[in-house]
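Participant: from the sequence below, what's the structure:
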Amino acid sequence: MAKVVWFDIPVNDLGRAIDFYQALTTQELTRLPVGEDRETALFAAEDGGSAGCLFAAPEDQPSHYGSRVYFDANPSIDDWLSRVEPAGGRILVGKTSVGGDRGYFAYIEDTEGNRVGLHANA
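Facilitator: Numbers count the residues shown, from 1 in each chain. The predicted model follows:
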């Protein structure tokens, strides 16, 4: 089984993106400069989950295309979706059953224009 060990979410405005993701996840991000024109804001890994960051760099641009990150939105995807629009994002696809006992997903757009997935059991 392949295991994701890190993710980067490209952003144009790191401060705005930090505000959005802190409101969405209810987690404080740690801002960290990594070079003269590059800066990150780190998500903490919990319970053996994957760690990652917001990444602002001249060569990276937010996009709806390419890889997609899914956040674990347990215990309720509805709680996460209720925080998207007040934080400045958009709901692209609301709570949708994956089928069987595999839970639910939703797609949102963050303040930077990235399409991001949410997944939860309920």
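Participant: use CA for all of it now, contacts and neighbours both
Facilitator: Fine.
Participant: just the element for L81, please.
Facilitator: Assigned by DSSP states H and E, L81 falls within helix 77-84.
Participant: which residues touch D19?
Facilitator: Listed by CA atoms under 8 Å, 6 or more residues apart in numbering, the contact set of D19 reads A87.
Participant: mind listing what's buried in the strand or helix carrying C53?
Facilitator: Counting by DSSP H and E, the element that carries C53 is strand 51-56. For strand 51-56, a neighbour-count test (16 or more other CA atoms under 10 Å) marks 52-56 as buried.
Participant: in CSV: these, plus distance to H119 and pLDDT.
Facilitator: What follows is the buried residues of strand 51-56, written out as CSV (distance: CA to CA, whole Å; pLDDT from 0 to 100):
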residue, distance to H119, pLDDT
G52, 17, 89
C53, 19, 92
L54, 19, 95
F55, 22, 93
A56, 25, 96
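Participant: between the lengthiest strand in the chain and helix 77-84, how many degrees?
Facilitator: In the chain, taking DSSP state E as the definition, the longest strand is strand 90-97. Interaxial angle of strand 90-97 relative to helix 77-84 (axes from the mean of the first three to the mean of the last three CA atoms, to 10 degrees): 170 degrees.
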